[in-house]
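In: the following block contains a protein sequence and its predicted model.
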Amino acid sequence: MDLVNTSILLQDNSSVILRDFTVNDHRLVNDWASNIDSSKYMSRYSPKKEETLLHKIIQTDGNDVGVIWLERGAEADTAMLGIILRDESLFGHGIGTKAIMLTLCKVSQSLSVIRLHVRDDNARAISCYESCGFHILGEGEKITQGRKLQFKIMERRNDINAT
């Protein structure tokens, strides 16, 4: 499935598509992360370059509204998911859910496990991930910029042998 040509309609009939991430998008994503104070939601807002499996810009009706990525997990058939939307006014409209579902569709035949970390206090994101088929596996904590952060580990399993 070619994600560039695949879209999902939102309730308001706008579409969500994913386009390839380009070198020019780095500045754009840096601006978005600053705009929403991304440190409230995540410890980083881009994939580790050497681990990147998929890196896409999320668009609705031709406008760049976010970024989504997958990076290599500890096992060969596992990946870690990351996503950020450019503006808090976009939260709660199904854009993230649709982008995640497009991404999962793209990798369903090659990856059996997708994991993510989400802050304990980010109920909106946890709900989004659960609606995409993720479930809570456990909890963890890390120290970022001198602050202790509690997070949930979530996972979704794909049946890569399904027909």
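Out: Okay, I see it.

In: by contact count, what packs against the longest helix along the chain?
Out: Counting residues, the longest helix found in the chain (DSSP state H) is helix 95-107. Applying 3 or more Cβ pairs under 8 Å, 6 or more residues apart in numbering; DSSP states H and E, we find helix 95-107 packed against strand 7-9, strand 15-20, strand 52-60, strand 63-72, strand 78-85, helix 123-131. In short, each C-beta sits where N, CA and C put it, glycine included.

In: between the ones you listed, which gets nearest to residue 92?
Out: For the helices and strands packed on helix 95-107, the distance to residue 92 is smallest for helix 123-131, at 6.5 Å, taking Cβ to Cβ.

In: what residues of that closest one count as buried?
Out: Within helix 123-131, the residues scored as buried using 16 or more other Cβ atoms under 10 Å are 125, 126, 128, 129.

In: hmm, who's touching it?
Out: 41, 91, 92, 96, 97, 100, 116, 118, 119, 136, 152, 154 (Cβ atoms under 8 Å, 6 or more residues apart in numbering).

In: for this structure, which spans come out with low pLDDT?
Out: 1-13, 38-46, 159-163 (pLDDT under 70).

In: which residues does the closest residue to residue 18 other than its chain neighbours bridge with?
Out: Leaving aside its sequence neighbours, residue 18 sits nearest to residue 56 (Cβ to Cβ, 6 or more residues apart in numbering; 3.9 Å). Beta-bridge partners of residue 56, counted by DSSP bridges, are residue 20, residue 68.
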